[in-house]
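*Asks:* 3D model of this:
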Amino acid sequence: MNIIISNSSGKPIYEQITSQIKNMIISGELQAGDGLPSMRTLAKDLRISVITTKRAYNDLEQEGFIATVTGKGSFVAARNTEVIREGNLRIVEEHITAAVDIAKKSGISCQELTEVLQVIYEGE
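*Replies:* Numbers count the residues shown, from 1 in each chain. Here you go, the predicted model:
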């Protein structure tokens, strides 16, 4: 598993791990039933504390992305598309909220912001 930690990122390390594993699951790089490295192995590979990997795995489990079986390890949970969709929608809402705040502070109208969003959305 290729996880990259950035010390210059404003995000805590456990959040970086969580978001990268989520992205791997959402993109299909990790499939339901795939095993994840043990918390200790991942901590050793990333040269971070086991407590940090434990926090990331706990968050992933609470959000339904992974399941942990005592004595066997952590595995990608069966993909619940509604859970994934809701998680992505929440992320989109956070980004749009930040964009709206910047737009309001900059005197950009709702119509201008909507047009920018539409151009970006349709451009992809």
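*Asks:* Where do the strands of this structure begin and end?
*Replies:* Using DSSP state E, the strands of the chain run over 66-69, 73-76.
*Asks:* which parts of the lowest-mean-pLDDT helix or strand in the chain are buried?
*Replies:* Least confident helix or strand of the chain, by mean pLDDT, DSSP states H and E, is helix 81-106 with a mean of 87. By neighbour count with 16 or more other Cβ atoms under 10 Å, helix 81-106 contains the buried residues residue 84. Any C-beta I mention is one placed from the backbone N, CA and C, and that applies to glycine too.
*Asks:* returning to that earlier point: would you convert the strands of the chain into TSV that also reports mean pLDDT?
*Replies:* Output for the strands of the chain, formatted as TSV (pLDDT from 0 to 100):
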stretch	mean pLDDT
strand 66-69	93
strand 73-76	95
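*Asks:* Quick check: the gap between the residue minimising distance to the centre of the chain and residue 78.
*Replies:* By Cα atoms, centre = their mean, the mean C-alpha position of the chain lies nearest to residue 19, the distance being 2.4 Å. Going from residue 19 to residue 78 by Cβ to Cβ, to the nearest Å gives 21 Å.
*Asks:* Tell me the confidence at residue 80?
*Replies:* We have a pLDDT of 66 for residue 80.
*Asks:* Residue 25 too?
*Replies:* 87.
*Asks:* again, but for residue 124
*Replies:* 62.
*Asks:* try residue 60
*Replies:* Confidence score, pLDDT, at residue 60: 95.
*Asks:* who are the neighbours in contact with it?
*Replies:* 18, 21, 22, 66, 74 (Cβ atoms under 8 Å, 6 or more residues apart in numbering).
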